[in-house]
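1. Provide a 3D model corresponding to the input given below.
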Amino acid sequence: MMKQLMKIGFLAALILAAGDVASTSAQSVTGSIANGTVTRGTAARATIYLSIPGGLHVNSNRPNGEYAIATTVKVSSNGAKLGAVSYPRGTNRKFEFSEKPLNVYEGRVPFTFTVTAPSTFRGRTITVNATVHYQACTNEVCYAPKSKQITLTAKVN
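-> Numbers count the residues shown, from 1 in each chain. Sure, this is the predicted structure:
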């Protein structure tokens, strides 16, 4: 028990010490709804991308680690119907700080969902707000979790 508490304390200290390093390797979040246009009553595909710099990875939506923080994407809209977010499969990798392989994302990672403007929608544009919550790591340490927000818009026909 004491050994496990010491390990957790050590990892927490590494996370706090490395916090400034993570901010210099910022992940970016971008996205779009279809080609910028949605037809009333028809579902359109929306995609959010999390771009992870080389040398870093983020835990997947199902990281397989007891203390690993899963990547999540939450979407909301006033007026549009939104489908469930589809998470890509990650890659299982073994790291120095974990006893078993973790499932992670690297590079440019797409998260997709559908956006439908109801046939009764009266506006000219649809807006979707998204929050991507993730924990970035190197091969040795994990940094404090972060959330990034993005707003997607599309013209409504």
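2. verify the stated contact: Gly65 with Gly90.
-> No - Gly65 is not in contact with Gly90 according to C-beta atoms under 8 Å; the separation is 11.5 Å. For every residue, glycine as well, the C-beta is placed using N, CA and C.
3. give me the common contacts of the two.
-> Residues touching both Gly65 and Gly90 (C-beta atoms under 8 Å, 6 or more residues apart in numbering): Asn59.
4. what residues are up against the most centrally placed residue in the chain?
-> Of all residues in the chain, the one closest to the mean position by C-alpha atoms, centre = their mean is Val132, 4.0 Å from it. Listed by C-beta under 8 Å, 6+ apart, the contact set of Val132 reads Val29, Ile48, Leu50, Thr71, Thr72, Val73, Phe111, Ser147, Lys148, Gln149, Ile150.
5. how about a markdown table for those residues, with secondary structure added?
-> What follows is the contacts of Val132, written out as a markdown table (DSSP: H, G, I helix; E, B strand; the rest coil):
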| residue | secondary structure |
| --- | --- |
| Val29 | strand |
| Ile48 | strand |
| Leu50 | strand |
| Thr71 | coil |
| Thr72 | strand |
| Val73 | strand |
| Phe111 | strand |
| Ser147 | strand |
| Lys148 | strand |
| Gln149 | strand |
| Ile150 | strand |
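6. the strands in this structure, which residues?
-> In the chain, the strands defined using DSSP state E lie at 28-33, 37-38, 43-51, 57-59, 72-76, 81-82, 91-93, 102-105, 108-116, 125-134, 136-137, 146-156.
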